[in-house]
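A.B. asks: Provided below for reference: sequence and predicted model.
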Amino acid sequence: MNKFTEDDLKKELETKEYEYGFYTDIEADKFPVGLNEDVVIAISKKKNEPEWMTKWRLEAFKVWKEMKEPEWANVRYKKPKFQDISFYSAPIQKKTLDSLDEVDPELLKTFEKLGISIDEQKRLSNVAVDIVIDSVSVATTFKKTLNERGIIFMPISEAIQEHPELVKKYLGTIVPTTDNFYAALNSAVFSDGSFCYIPKGVTCPMELSTYFRINEGGTGQFERTLVIADQGSFVSYLEGCTAPARDENQLHAAVVELIALDDAEIKYSTVQNWYPGDKEGKGGVYNFVTKRGLCEKNAKISWTQVETGSAVTWKYPSCILKGDNSVGEFYSIAVTNNYQQADTGTKMIHLGNNTKSTIISKGISAGKSQNSYRGLVQISPRSKNARNFSQCDSLLMGDQCGAHTFPYIECKNKTAQIEHEATTSKIGEDQLFYCNQRGINTEKAIALIVNGFSKEVLNKLPMEFAVEAQKLLEISLEGSVG
Amino acid sequence: MLQVKNLHASINDKEILKGINLDIKAGEVHAIMGPNGSGKSTLSAVIAGKEEYEVTEGLVILNNEDLADFAPEERAHKGVFLSFQYPVEIPGVTVTNFIKTAINETRKAKGLEDLPAKDMLKLIREKADLLEIDRKFLSRSLNEGFSGGEKKRNEIFQMAMLEPKLAILDETDSGLDIDALKVVANGVNKLKNKDNAVLVITHYQRLLDYIVPDFVHVLHNGKIVKSGGKELALELEKKGYDWLK
Ligand SMILES: Nc1ncnc2c1ncn2[C@@H]1O[C@H](COP(=O)(O)OP(=O)(O)O)[C@@H](O)[C@H]1O
Ligand SMILES: [Mg+2]
């Protein structure tokens, strides 16, 4: 018998399990807990970094020490104790490997469990993957094909060695070390991440993808991603994230910087599925991320994100529309369930003339979760004919969750056109009964309704990942119906 | 096919159906007529298994099985179809995607594989043509911004796709102009055969000119107060319901 009331629905939503909550037993090289200048220097040494890099880190650390954790977001959590975290953990492995055949079989099993397709299949479907476990990149596929076109796609630690001029020129220019508490922390202790450079006029022939995974307990993960699209180039980039289920909260504080030079385009997609904590709200990842991109003339940056994981998310992928005619886009699906909290959105900073931005945000809340959209549209006095369209839709399940919208508009030029639309809806008994009557059970019906609600954003994902993302939405919201 | 025996049902402790009896055999068309608020939609929802309604007494039996033990989707899998008086909107889900999901979920329940995309498409085209539905219509969001007529036509399209054993049409005629009414009635008639049955709910006689019933029942205040042949519908049209009270 399969009776379904609002109460059952609520209960059901609370009983989902975290699919990726396994822990891989790989030997790890892990720093003792705590943070001080010596740890920063040690991280830098470990990576054989040049002196300028060590100095850069130390300056960031100095700034961070003076900063306070931000408290304006609509989230409540126990602040991480920074002296209890290990700031570096790497699977023991001598060097970055050239081929997956050389990778620790345990690690490969991890990938399989993740369902990430570093297998032949996905190679055929044209995805170059860089995998970051805990703090280190372990494999980058497809290097050669990319090299032939002058595309650089490698762990940022390698880029610091091999392309210091590029790293030095751009690192910290979009998200300065002083930007915010977590960005400063990241700048001081980041251990790896991805670096990508697309030369002038080159269209990257495949999706570039990075998978991040936190494995060790009691560690923080601080990746740093830097993507530079030179004039007239194009790249589509995807990052995926998972972490094992653990009782304690784990800290993830990444920084992503994008630079789209004249006429270039960057499409950056994220499927974030960090461990969200159990149904009592125990454990889960704190995801405090700073993502920002700069558009020069006629350039375009598109952020697409599917956020289903993490206990607490604090994240605002933003665009600085500096060049005339530049375009910024933000497409987001954020799902919260149980005790998850998400405060996410974007900032569109219009500086150039005829700049255009689009914001589509879809928030889905279930259980006792809180889901907030926070967005800023800023038109500077010298930006003529700027345009923005924002749409924020919330979907609620049950009556114990919350959806909030905080749209901020700062318009200092009268020629701007700004439109904002917002809706809130609930999955209704009537919708479920209608689906049931057509032979569709409640679990499937919820998936259908949620997918329909999120469609505009799902459509923006690269084909290969749209299906994965849809599955993730289902997993996040459903348990097994008895 | 369907037997309703002394059915009592209530919502929020208010009794709405007060002892309904029906016996519908395969191959038959029955019509239920009655004034607004008499309980017609309630009856159809209770047969389909809507859980807000509490069945306090009586039985609904489909092909010798008591339906009480089955959830709405299981009843659907057994061949119960309800064309809703007020079809529900599902934003972002296309007409095609919705019916595809419905068909495949029903197949899954019967242990069958998904219908191959090619066959699905063929079936959709065939049924869309039958109901004179435009191709563009199929990629619109389900019932979102549909006119009253479009909603009803879409209900019958879904019925044509699912080929139910028992189709309950709840005021399918409301919102349809005369041309659309003919198309929809024609669709229903084409789907009719000796192995299925139709229960038409309406309070106008008009639809029954096109879908001709074998039996007509008058529902009033949760009870069937009169039954007869198709001529009863004409009589009701002339005299109204008051003489039956
Ligand atoms: N959810 C409900 N709560 C309370 N009363 C209801 C509810 N649904 C229907 N009713 C009542 O039940 C009676 C029958 O309604 P309905 O079955 O919709 O009639 P009909 O379809 O014949 O117009 C009406 O008096 C209506 O007000
Ligand atoms: Mg009615």
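C.D. replies: Yep, it's here. Numbering: from 1, shown residues only, chains lettered A, B, ... in the order given. Ligands and ions are numbered 1, 2, ... in the order given.
A.B. asks: What about residue A:336? Give its phi and psi, please.
C.D. replies: phi -130, psi 140 (degrees, to the nearest 10).
A.B. asks: helices or strands up against the worst-scoring helix or strand of chain B on mean pLDDT?
C.D. replies: In chain B, the helix or strand scored least confidently by mean pLDDT, DSSP states H and E is helix B:231-239, which has a mean of 85. When contacts are defined as 3 or more CB pairs under 8 Å, 6 or more residues apart in numbering or on different chains; DSSP states H and E, helix B:231-239 sits against strand B:29-33, strand B:215-220. Where you see a C-beta, it was placed from the backbone N, CA and C, and this is true even at glycine.
A.B. asks: so how far is that helix from its chain's centroid?
C.D. replies: 22 Å (CA atoms, centre = their mean, to the nearest Å).
A.B. asks: Now do the contacts for the residue lying closest to residue A:152 once chain neighbours are set aside.
C.D. replies: Spatially, and ignoring its direct neighbours in sequence, residue A:152 is nearest to residue A:197 (4.2 Å; CB to CB, 6 or more residues apart in numbering or on different chains). Contact analysis of residue A:197 by CB atoms under 8 Å, 6 or more residues apart in numbering or on different chains lists A:151-152, A:163, A:166, A:227-228, A:230.
A.B. asks: and the residues you listed as CSV, adding neighbour count?
C.D. replies: Listed next are the contacts of residue A:197 as CSV, based on neighbours: other CB atoms under 10 Å in any protein chain shown:
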residue, neighbour count
A:151, 23
A:152, 19
A:163, 16
A:166, 16
A:227, 23
A:228, 24
A:230, 18
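A.B. asks: Can you classify residue A:455 by secondary structure?
C.D. replies: helix (DSSP: H, G, I helix; E, B strand; the rest coil).
A.B. asks: swap that for residue A:76, sorry
C.D. replies: coil.
A.B. asks: Give me the three-state assignment for residue 44.
C.D. replies: Unless you meant another one, I'm taking chain A. Going by three-state DSSP: residue A:44 is helix.
A.B. asks: Could you report the neighbour count for the nearest residue to residue A:369 once chain neighbours are set aside?
C.D. replies: Using CB to CB, 6+ apart and skipping residues adjacent in sequence, the residue nearest residue A:369 is residue A:336, 3.5 Å away. For residue A:336, the count of nearby residues is 32 (other CB atoms under 10 Å in any protein chain shown).
A.B. asks: what sits against residue A:336?
C.D. replies: A:342, A:363-367, A:369-371, A:401.
A.B. asks: Then residue B:63?
C.D. replies: Contacts of residue B:63 (CB under 8 Å, 6+ apart): B:1, B:78, B:165.
A.B. asks: out of the contacts of residue A:197, which one sits closest to residue B:243?
C.D. replies: Nearest to residue B:243 among the contacts of residue A:197: residue A:227, at 79.9 Å, using CB to CB.
A.B. asks: The helix or strand harbouring the closest one pairs with which strands, parallel or anti?
C.D. replies: Assigned by DSSP states H and E, residue A:227 belongs to strand A:224-229. Strand A:224-229 pairs in its sheet with strand A:194-198 (parallel), strand A:255-260 (parallel), by DSSP bridges.
A.B. asks: Centre of the chain to the shortest one, how far?
C.D. replies: Averaged C-alpha coordinates place strand A:194-198 at 17 Å from its chain's average position (CA atoms, centre = their mean).
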